[in-house]
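Student: Any chance you could fold what I've pasted below:
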Amino acid sequence: MLDIKFLRKNPDVVKQNIRNKFQNEKLAMVDEVIALDKKSRKIKQEVEILRAAKNKISKKIGKLIECGKKEEVEKIKKNITASGNRIENLTLRERKIEAEIRQRMIFIPQIIDSSVPIGKDDSENVEIQKYGDPIVPDFEIPHHTDIMKSFNGIDLDSARRVAGNGFYYLMGDISRLHSAVISYARDFIIDRGFIYCVPPFMIRSDVVTGVMSFSEIKSMMYKIEGEDLYLIGTSEHSMIGKFIDQIIREDQLPLNFTSYSPCFRKEKGAHGIEEKGVYRMHQFEKQEMIVICRPEESMQWYERVLYHTVDLFRSLNISLRTLECCSGDLSDLKVKSCDVDAWSPRQKRYFEVGSCSNMGDAQARRLRIRVQGKKGKYLAHTLNNTVLASPRMLIAFLENNLCADGTVIIPKVLQPYIGGKEKLIPKK
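Tutor: This is a model prediction of the structure:
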């Protein structure tokens, strides 16, 4: 959510930003906010004048009583009562207008960074860099579910009977590999100076609206019926929510966390749930990076956390690329974002395995996360980045480490997390 003062002074900048995101239907909101803001400020001014006058008149009552001027006292009391009623009515109107302003402001997108390419949707995202040589083996690579089945490692049919589409049973070596890559990712990022945290897996609605845009809430979040609780779609939600209404000392920044959680998503929309595989599911597990920092440092942290993920994937023999998200592909709270795509030898193309986002002060403004600095209080900047999400990571790992005989090579860095095994041997 933007600062109302910024919008008031820079309406043309805000409107151009809306056009850059191809959300022209929101242009009228800017003028509506400006008109409502004028009404609100006019009411505030009148209330201040009435209160000052009321206080001034109130001070006279004592002296008039001492002088025995009862009639004049009663007259003043009636004026004070009328003035109080007027103040109360104006205050109610002001609150109503402020609520209308917020209803609009919450839909007006964050100002994107000047480096973000302008484009309508993800088809216009821009490749930044490739890392590693994509593997093109001289044998056919099966679908990832077929690889998992060769290890007796997946049961989608039972999961459908138990929970429906979008869920899975992982078993044996595949479930062990799933746990191993998450544990490895956890320790990898801890060694980079991040504090490990396991957060709540449910959050209240005031946190949900603080960390997400409304379009994301509708398409992603599962609501707990009868309670003010939602299942998290990523641990970023509860980790940023940890600091709601908090004032952080400037000398405590940056705050760097890596958090583990199961994640739950509706996955409604164009992509939908993948029927055959485990690429897009209702349930998965993820290791995340979260940074809370000073505004002037957020872009440096954006680059830093992104390349932690690059280093992690390269250590597991997976080639990848980074892809700059264009303006139309950014959610309303994001200033800048980048997808991390892993190479699929089977499909001979890259596919998304994570993302890195700079949220600017959008989440901090909504959740009232402030920093106490030498010159006063200001809003923090927040960032999030996927370290690793599984089972999506399993697809990339299995395809890139598969041998012609069906075995899967375990890189040395991962062997301690999977009982010292150097390779996985299929059961059939």
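Student: roughly how far out does the longest helix along the chain sit from the chain middle?
Tutor: Scanning the chain for the helix with the most residues, using DSSP state H, yields helix 27-66. Distance of helix 27-66 from the chain centroid (Cα atoms, centre = their mean, to the nearest Å) equals 38 Å.
Student: Check which helices and strands that helix is in contact with.
Tutor: Secondary-structure packing of helix 27-66 (3 or more Cβ pairs under 8 Å, 6 or more residues apart in numbering; DSSP states H and E): helix 4-9, helix 11-20, helix 70-105. Heads up, the C-betas are built off the backbone N, CA and C, glycines and all.
Student: residue contacts, residue 301?
Tutor: Applying Cβ atoms under 8 Å, 6 or more residues apart in numbering to residue 301 gives the contacts 254, 291, 293, 358, 383.
Student: er, residue 134 I mean
Tutor: 319, 343, 345, 348.
Student: Now rank the residues you listed by neighbours and give me the top one.
Tutor: Within the contacts of residue 134, most neighbours by other Cβ atoms under 10 Å means residue 343, with 25 neighbours.
Student: Quick check: which element contains it?
Tutor: Using DSSP states H and E, residue 343 sits within strand 336-344.
Student: Can you show me the helices along the stretch 201-350 of the chain?
Tutor: Taking DSSP state H, counting those that start in this stretch, the helices of the stretch 201-350 of the chain run over residues 205-211, 214-220, 235-241, 298-315.
Student: ok, so what distance separates residue 300 from residue 254?
Tutor: Taking Cβ to Cβ, to the nearest Å as the measure, residue 300 falls 10 Å from residue 254.
Student: Among the two, which residue is more densely surrounded?
Tutor: Legend: neighbour count by other Cβ under 10 Å for residue 300 and residue 254, higher for residue 254 (17 against 11).
Student: and residue 38, how many neighbours?
Tutor: Residue 38 has 12 nearby residues by other Cβ under 10 Å.
Student: got the contact list for it?
Tutor: Counting by Cβ under 8 Å, 6+ apart, residue 38 touches no other residue.
Student: can we see that at 10 Å?
Tutor: 8, 97 (Cβ atoms under 10 Å, 6 or more residues apart in numbering).
Student: From residue 305, how far off is it?
Tutor: Taken as Cβ to Cβ, the span from residue 38 to residue 305 is 41 Å.
Student: re the thing from before, centre of the chain to the strand holding residue 343, how far?
Tutor: Relative to its chain's centre, strand 336-344 lies at 16 Å (Cα atoms, centre = their mean).
Student: ok and it relative to helix 298-315, angle-wise?
Tutor: Calculated by axes from the mean of the first three to the mean of the last three Cα atoms, to 10 degrees, strand 336-344 forms an angle of 10 degrees with helix 298-315.
Student: Pull out the buried residues from strand 336-344.
Tutor: Residues of strand 336-344 classed as buried: 336, 337, 338, 339, 340, 341, 342, 343, 344 (neighbour count, 16 or more other Cβ atoms under 10 Å).
Student: which ones are touching the closest residue in space to the fifth one that isn't next to it in sequence?
Tutor: If you skip the residues right next to it in sequence, residue 340 has residue 354 as its closest partner in space, 4.3 Å away by Cβ to Cβ, 6 or more residues apart in numbering. Listed by Cβ under 10 Å, 6+ apart, the contact set of residue 354 reads 286-289, 306, 309, 312-313, 320, 338-342, 385-389, 392-393.
Student: can you check residue 340 too?
Tutor: Counted by Cβ under 10 Å, 6+ apart, residue 340 has contacts 131, 306, 309-310, 312-313, 320-323, 350, 352-356, 385-386, 388.
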